[in-house]
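Enquirer: curious how this folds, go ahead:
(6 chains)
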Number of protein chains: 4
Amino acid sequence: MPRPRSEKARQAVLSAMRRALAEDSYAAVTIEGLAAEAEVSKQTIYRWWPSKAAILGEALLEGELPGADALPMTDDLASDLRAWFTAVSDQQGDSASVELARALIAVTATDPELGAQLNERLAAPVRTWVATRLGLAREAGDVRDDVDADAIADQFIAMASYAALLGKPLSADRIDHTVDAILRGIGA
Amino acid sequence: MPRPRSEKARQAVLSAMRRALAEDSYAAVTIEGLAAEAEVSKQTIYRWWPSKAAILGEALLEGELPGADALPMTDDLASDLRAWFTAVSDQQGDSASVELARALIAVTATDPELGAQLNERLAAPVRTWVATRLGLAREAGDVRDDVDADAIADQFIAMASYAALLGKPLSADRIDHTVDAILRGIGA
Amino acid sequence: MPRPRSEKARQAVLSAMRRALAEDSYAAVTIEGLAAEAEVSKQTIYRWWPSKAAILGEALLEGELPGADALPMTDDLASDLRAWFTAVSDQQGDSASVELARALIAVTATDPELGAQLNERLAAPVRTWVATRLGLAREAGDVRDDVDADAIADQFIAMASYAALLGKPLSADRIDHTVDAILRGIGA
Amino acid sequence: MPRPRSEKARQAVLSAMRRALAEDSYAAVTIEGLAAEAEVSKQTIYRWWPSKAAILGEALLEGELPGADALPMTDDLASDLRAWFTAVSDQQGDSASVELARALIAVTATDPELGAQLNERLAAPVRTWVATRLGLAREAGDVRDDVDADAIADQFIAMASYAALLGKPLSADRIDHTVDAILRGIGA
DNA sequence: TGGTAAACGAGACGGTACGTCACGTCTTCGC
DNA sequence: GCGAAGACGTGACGTACCGTCTCGTTTACCA
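Expert: Now for the predicted structure:
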């Protein structure tokens, strides 16, 4: 019966979180600051989110997932993999994206429970893409039967995360090398 | 005639940091708490370290580096790689090691500069081990000439870090799969 | 056409105020708490009362005025005065009454304007009683012509208030002493 | 060994409390505001005082006690009493003094325990003055043997408090009347 | 007897102050 | 003269109420 939750306030907070991360490290973001930036009372934040990390989580889930939006599916496996790595690498040229990724990592390092949940959700698209794409390749006889798609996907995500963490996107050369080695590793 | 820096105090602080990390996340560790735990004044800490992260760095460098102490060098490449991944995976069964690794990641996420320095130092042994071991294998004709040892090493470290971050050590099965795929990827 | 003000809600609030004061100091009473206790919405309170103090005022005016209900009027002045002081002193044995009196004092200390209005109303019966009783005594020749009834009444109220404030009701002995001295002071 | 408590900070807080009371009611004074006004951190206040009331108490004890500094002791009892009431009445013309007195009353209404302690200390000089002065008068035969000095003193303080609370200082006329009645009441 | 408008409960909202915690700096004194 | 102890100003924490503002629901009057 009471007044319904203000979607405006919710979006303002999530957006403030994204803006704050673009300028500061996750550790430097304060709830006080978010409230001020979003022109929302602290109480409103505490009413709806249990922690700073939860706000980040929601902001991530609503926003574009780092490295999970470009899921190419042509009929050339090599070029698809290269395309994904390249997209990730390009995205890591944008500091806002890098900071989002780092924030996600920082949250996970501090609160593995929540981090795992977020990872679950953010990695899922990549995992299903890899599974689908490799499935097709296997049917085409391009890939071994015993290939473990999840292992490959985790490997991709690990490499992307590590690159984001250190702020060193994979170079085009290294992407080529890596994709070649992977293909040889899983090829029929 | 000044009194020289107290090595005892220094060790007490580093050890307090290690003990604190065994019980709490890096973010939950406070300088105030370290000082109390180490029975050292805050001033002593501030005199010798510029930040909490620096203490962690020094503690890491003095302690055993996670996943960098077992660098096997037999004449069987496959078993050497498996041995390394297994050692890392075993070490990740120990929560203290995991927390150290997570702390390192958290620091890097917050302060990439310092994180990169630490990473440099901690990853170096792994990188040189991979370079040396693959060099030998290449001489033996077991590995392609164009293999990029650093790329491989980074891939290893990325996978180990990601596993530590999520608290999900690689299973024996996945290690086998992964090593097989890598060998196929880089094999002559 | 509209729904009329709910007398039930009004009484619930006033009663909640009285109950709250029986357990806590006036400063510790909150409108939020009153609303919950009275099972009334905050809005209903704010619709009908401008302040917490106003609720207290109404509660006081509806309830029994502390020290203003026993206004004895026999033909023995000394015993009448003793009776009043004794009644007040007895009432101050009841903690609920004391807290009501303290609340009145607290309101007055914070908002002298409103406090004066309340005092006006609550003290009026005492003042008229003193005026009437002393008038009779003067006619009987028991009391000087120049006696200032209001001054005497104020003195009574001041003593009662001070006793309530400190939680030290006048002892029987002191009442006797005081009444004797007063009678000598105003006696013909 | 540590740094000793800063007397400067202490005085700044007490003085800020006195200034704040001169402008607002005690209830409207906030610790936050005191800290800002005194240019002192909240922590410093909380380190040394358990409550806002305690600050007021210390401020009162260090400052001039309302109505307790003019304790006349000539050889004319009537004029001494008149002098005291007049001094109190005059002091109540100064709004700062009135607000201090009201604050004291407000504290007592909220926390009778602490209020009683403060009252003890602040009333003591008056009580001893009354005892001494009436003692002299009794020796001179001006006053009855059975007079209860404490009862008289409490009566004085009650009247002064009540006047301060309502902001209605006793008029010269009423002082005369009152002192006359008291003298008749206690006179030999 | 059904419409309607105010009063109601519930509670979300932007705020302010609370009392606590840790920060990084400083001052004092003892070893 | 280093180091412990700890006071200091600063500022974020998470909580409690403030007074205002929607929300649907309920209910007394009037047509």
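Enquirer: use CA for all of it now, contacts and neighbours both
Expert: Will do.
Enquirer: indicate the residue of chain A located nearest to chain C.
Expert: Nearest residue of chain A to chain C, counting by C-alpha to the nearest C-alpha: residue A:2, 11.2 Å away.
Enquirer: for burial, what's the neighbour tally of residue A:102?
Expert: Residue A:102: 27 surrounding residues under other C-alpha atoms under 10 Å in any protein chain shown.
Enquirer: which residues does the residue of chain A closest to chain C contact?
Expert: With contact set as C-alpha atoms under 8 Å, 6 or more residues apart in numbering or on different chains, residue A:2 has no partners.
Enquirer: host element of the residue lying closest to residue A:159 once chain neighbours are set aside?
Expert: For residue A:159, ignoring the flanking residues on the chain, the nearest one in space by C-alpha to C-alpha, 6 or more residues apart in numbering or on different chains is residue B:158 at 5.5 Å. Per DSSP states H and E, residue B:158 falls inside helix B:149-166.
Enquirer: what does whichever helix or strand comes after that helix contact?
Expert: Note on helix B:149-166: by DSSP H and E, the next helix or strand toward the C-terminus is helix B:172-186. For helix B:172-186, contacts defined as C-alpha under 8 Å, 6+ apart pick out A:148, A:151, A:180-186, B:78, B:81-82, B:85-86, B:143-144, B:147.
Enquirer: out of those residues, which are buried?
Expert: Buried members of the contacts of helix B:172-186, counted by 16 or more other C-alpha atoms under 10 Å in any protein chain shown: A:148, A:151, A:180-186, B:81-82, B:85-86, B:143, B:147.
Enquirer: with adjacent residues omitted, what lies nearest to residue A:41?
Expert: residue A:35 (5.6 Å).
Enquirer: and the gap between the one you found and DNA strand F?
Expert: With distances taken as C-alpha to the nearest atom of the strand, to the nearest Å, residue A:35 is found 8 Å from DNA strand F.
Enquirer: and that residue, how many neighbours?
Expert: Per other C-alpha under 10 Å, the neighbour tally for residue A:35 reads 20.
Enquirer: ditto for the one 5 residues further on
Expert: Using other C-alpha under 10 Å, residue A:40 has 17 other residues around it.
Enquirer: spatially nearest residue to it, not counting backbone neighbours?
Expert: Going by C-alpha to C-alpha, 6+ apart, residue A:40 has residue A:9 as its nearest residue, at 6.5 Å.
Enquirer: contacts for stretch A:55-64, please.
Expert: The contact list for stretch A:55-64 (C-alpha under 8 Å, 6+ apart) reads A:13-15, A:17-18, A:49, A:100, A:103-104, A:118, A:121-122.
Enquirer: host element of residue A:4?
Expert: Using DSSP H and E, no helix or strand contains residue A:4.
Enquirer: for the top helix by length along chain A, which positions count as buried?
Expert: Taking DSSP state H as the criterion, chain A has its longest helix at helix A:112-139. Going by neighbour count (16+ other C-alpha under 10 Å), the buried part of helix A:112-139 is A:112, A:114-116, A:118-119, A:122-123, A:125-127, A:129-131, A:133-138.
Enquirer: just stretch A:27-43 next, same as before
Expert: For stretch A:27-43, a neighbour-count test (16+ other C-alpha under 10 Å) marks A:27, A:29, A:31, A:34-35, A:37-38, A:40 as buried.
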